[in-house]
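>>> just the structure for this:
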Amino acid sequence: MTTEMTFGTVLNDWIPIRWGHDQPDRNIHLLHKWEVKMKHKTRLVTLLSLFVLALLVFVPAAAAYDGRGGDTVVIGKDEVINDDLFAGGKSVVVDGTINGDLFAAGQTVTINGKVTGNVIVAGSSVTVNGEVGHDLFAAGAAVTIGPDARIKYNAYTAGASVESQGGSRLGGSLFIGAGQGLVSGQITNDLLAGVNRLRLEGTVGRDAKIAVDASNTPPSLVYVYGPNMPPMPAVQPGLTFGEEARVAGSLEYTSSKAVAGAASVSARVIHNLPPQDQQLSRELAQRQSASSYVFDALRRMVALLLIGLLLAWLAPRWVTAPAEKLLSRPLPSLGVGLVGLVAAPFGWLVALGVVIVVAVIFGLLSLGSLTGLTLLAGLPVLGLAFFAILFVLSYLCQAIVAYLGGRWIVSRIQPEWNSKLYAPLLIGLFILGLLIAVPVAGSLLQFLAILAGLGAIVLVVFGGRPAPQVAAEAPVSVQA
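Numbering: from 1, shown residues only. Prediction:
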């Protein structure tokens with residue numbers, strides 16, 4: 001697996017954060033992208049990076065500020081420090097009160113007392129079971145927010161395992177980037193987590209955004225970060241919920257599998273696929289779209305061929321006569337077709353309005369029988385006219401153009417086939433169906449065919465009825 005975050009990336013994301021005393025949520029956007037993207041090896045790099053950062057920065061600073069150092073550092077219950085405290089040692093225990101910020105690093109860091117400012121800690125085992133007046137930044141193999149913890153604003157955590165126990169309260173949001181997470185207690189604002197596995201047993205006052213690994217990796221593989229690891233709770237694979245789990249806002253989770261019971265935790269659940277699964281979904285959607293496009297093209301071609309056979313059998317003159325008109329007057333046919341394409345739906349709407357107005361007038365004149373007769377006669381006629389317009393635009397216009405094209409092709413391969421309507425019409429419809437299936441260009445060609453065919457029909461209708469004989473039965477010589 002490729003590590004996604006380098007030590008420099010961690011420093012660039014972590015160091016620029018500036019925490020204050022009156023804005024609990026101002027750092028959300030700075031850390032959100034980092035937390036939701038963290039993977040198994042990324043968390044190990046982050047843990048080691050922050051630990052080294054604590055050793056290289058916090059401990060020298062402690063010496064500069066006359067902080068506490070040694071094998072064991074203990075701040076007793078009755079001890080009050082009215083300044084920022086820098087502490088480094090194998091074991092750091094804070095039971096007293098610190099009126100300022102706490103910076104601590106050690107193999108074991110335990111905070112049971114009160115810190116009025118921010119708490120920034122790193123270690124193998126980090127336990128916060130006291131009062132934090134502002135934000136908590138904690139990184140460790142095992143980070144625990146105890147049942148008596150009261151954190152006024154946000155908690156930013158990273159490690160192999162992060163646990164907030166029942167009874168703990170966060171006045172802001174909880175951010176987790178870890179191998180696993182066990183979230184109990186109360187979170188006033190949001191929960192944002194990027195983990196291999198997470199169990200939610202507490203309440204979230206606003207939204208929860210969680211990225212999990214849905215694979216059934218054995219728990220022992222998740223926690224092997226090195227020797228002498230502190231105790232960690234067992235968390236089931238994926239995203240799971242306890243009976244008391246509640247999210248007041250939306251629950252948005254990223255997982256390759258849907259999570260059972262999510263609907264009982266939040267009224268609004270959003271399931272996102274991981275990036276690799278999103279790519280697979282896009283590829284499948286593209287394949288499905290391509291297959292659907294081919295199927296639609298075949299369906300259109302079959303429909304054109306069937307309608308063409310019916311026209312050749314039942315009304316051949318309505319194909320041949322407009323075709324001859326189009327052949328002799330192509331440009332006027334296109335112009336008249338454009339006008340007809342606009343006028344046909346407009347005229348239908350006008351006719352519908354006339355029927356309705358006439359029916360209303362008869363109703364006002366108390367001529368109820370005429371009102372009913374107008375509607376019973378007018379609406380079916382308009383319905384037939386509507387379907388006739390659709391049929392002409394969808395099939396007849398294209399059949400006319402296809403017949404001309406098929407006749408031109410047949411004259412060059414088998415001229416005697418032009419004595420009948422079927423061969424040139426079916427060949428032309430097949431070729432036209434293939435051309436229409438071409439994206440963009442096909443749609444433009446279909447539009448031009450509709451204009452040309454419609455214009456030719458209008459010219460034939462207003463120029464006289466089509467000749468009774470089938471013009472296609474006599475061979476027609478077509479110029480090359």
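>>> isn't Ile409 up against Leu425?
No - here Ile409 does not reach Leu425: they are 11.4 Å apart, not a contact under CB atoms under 8 Å. Yep, even glycine has a C-beta here, placed from its N, CA and C like the rest.
>>> backbone dihedrals for the residue at minimal distance from the centre of the chain, please?
Among the residues of the chain, Asn272 comes closest to the average C-alpha position under CA atoms, centre = their mean, at 7.5 Å. Listed backbone geometry of Asn272 is phi -110, psi 150, with angles given as degrees, to the nearest 10.
>>> please look at it and Leu251 and confirm they touch.
No - using CB under 8 Å, Asn272 makes no contact with Leu251, being 11.4 Å away.
>>> care to break the protein down by domain?
Under automatic domain parsing, the residue ranges defining each domain of the chain are 7-272, 281-473.
>>> TSV for these, including mean pLDDT?
Output for these, formatted as TSV (pLDDT from 0 to 100):
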stretch	mean pLDDT
domain 7-272	78
domain 281-473	81
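>>> what's the most buried one of those domains?
Using mean count of other CB atoms under 10 Å, the stretch among those with the greatest mean number of neighbours is domain 7-272 (a mean of 20).
>>> can you give me the helices for the stretch 151-300 of the chain?
Counting by DSSP state H, counting those that start in this stretch, the stretch 151-300 of the chain forms helices over residues 219-222, 275-314, given from the N-terminal end onward.
>>> now do the stretch 1-150 of the chain
According to DSSP H, counting those that start in this stretch, the stretch 1-150 of the chain carries its helices in the segments 7-14, 28-37, 40-53, 59-64.
>>> repeat that for the stretch 351-480 of the chain.
368-391, 397-413, 422-436, 441-463.
>>> my read: Thr203 touches Thr188, true?
No - under the contact definition of CB under 8 Å, Thr203 does not touch Thr188, with a separation of 9.2 Å.
>>> please name the bridge partners of the residue nearest to the centre of the chain.
Residues in a beta bridge with Asn272, per DSSP bridges, are Thr254.
>>> which residues touch it?
For Asn272, the residues meeting the contact criterion (CB atoms under 8 Å, 6 or more residues apart in numbering) are Glu252, Tyr253, Thr254, Ser255, Gln278.
>>> ok, now Asp78?
Applying CB under 8 Å, 6+ apart, one finds that Asp78 lies in contact with Gly96.
>>> could you do Thr240 as well?
Under the criterion of CB under 8 Å, 6+ apart, the contact list for Thr240 reads Arg197, Leu198, Arg199, Leu200, Val259, Gly261.
>>> the residues you listed in strands, which ones?
When the contacts of Thr240 are checked against strands using DSSP state E, the ones located there are Arg197, Leu198, Arg199, Leu200.
>>> gap between Ile210 and Asn189?
Here the criterion is CB to CB, to the nearest Å. By it, Ile210 lies 15 Å from Asn189.
>>> residues contacting the closest residue to Ser443 other than its chain neighbours?
If the residues on either side of it in the chain are set aside, Ser443 comes closest to Ile436, at 7.5 Å by CB to CB, 6 or more residues apart in numbering. When contacts are counted by CB under 8 Å, 6+ apart, Ile436 touches Ala297, Arg300, Gly442, Ser443, Leu445, Gln446.
>>> circling back: can you redo the contacts of Asn272 as JSON lines with distance to Gly337?
Output for the contacts of Asn272, formatted as JSON lines (distance: CB to CB, whole Å):
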{"residue": "Glu252", "distance to Gly337": "53"}
{"residue": "Tyr253", "distance to Gly337": "56"}
{"residue": "Thr254", "distance to Gly337": "53"}
{"residue": "Ser255", "distance to Gly337": "55"}
{"residue": "Gln278", "distance to Gly337": "46"}
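>>> which among those residues gets closest to Leu310?
Of all those, the one with the least separation from Leu310 (CB to CB) is Gln278, at 47.2 Å.
>>> keeping just the C-alphas, turn stretch 411-426 into PDB.
Included here for stretch 411-426 are C-alpha records, laid out as PDB according to Å, rounded to 0.1, in the frame of the first residue of the first chain:
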ATOM      1  CA  SER A 411     -29.500   2.600 -59.500                       C
ATOM      2  CA  ARG A 412     -25.800   2.000 -59.200                       C
ATOM      3  CA  ILE A 413     -25.900  -1.600 -58.000                       C
ATOM      4  CA  GLN A 414     -29.200  -3.100 -59.400                       C
ATOM      5  CA  PRO A 415     -31.200  -0.600 -61.400                       C
ATOM      6  CA  GLU A 416     -34.100  -2.900 -62.100                       C
ATOM      7  CA  TRP A 417     -34.900  -3.000 -58.300                       C
ATOM      8  CA  ASN A 418     -36.100   0.600 -58.700                       C
ATOM      9  CA  SER A 419     -39.200  -0.700 -60.500                       C
ATOM     10  CA  LYS A 420     -40.600  -1.500 -57.100                       C
ATOM     11  CA  LEU A 421     -40.800   0.700 -53.900                       C
ATOM     12  CA  TYR A 422     -39.700  -1.900 -51.300                       C
ATOM     13  CA  ALA A 423     -36.100  -2.400 -52.200                       C
ATOM     14  CA  PRO A 424     -35.000   1.300 -52.400                       C
ATOM     15  CA  LEU A 425     -37.100   2.300 -49.400                       C
ATOM     16  CA  LEU A 426     -35.800  -0.500 -47.100                       C
END
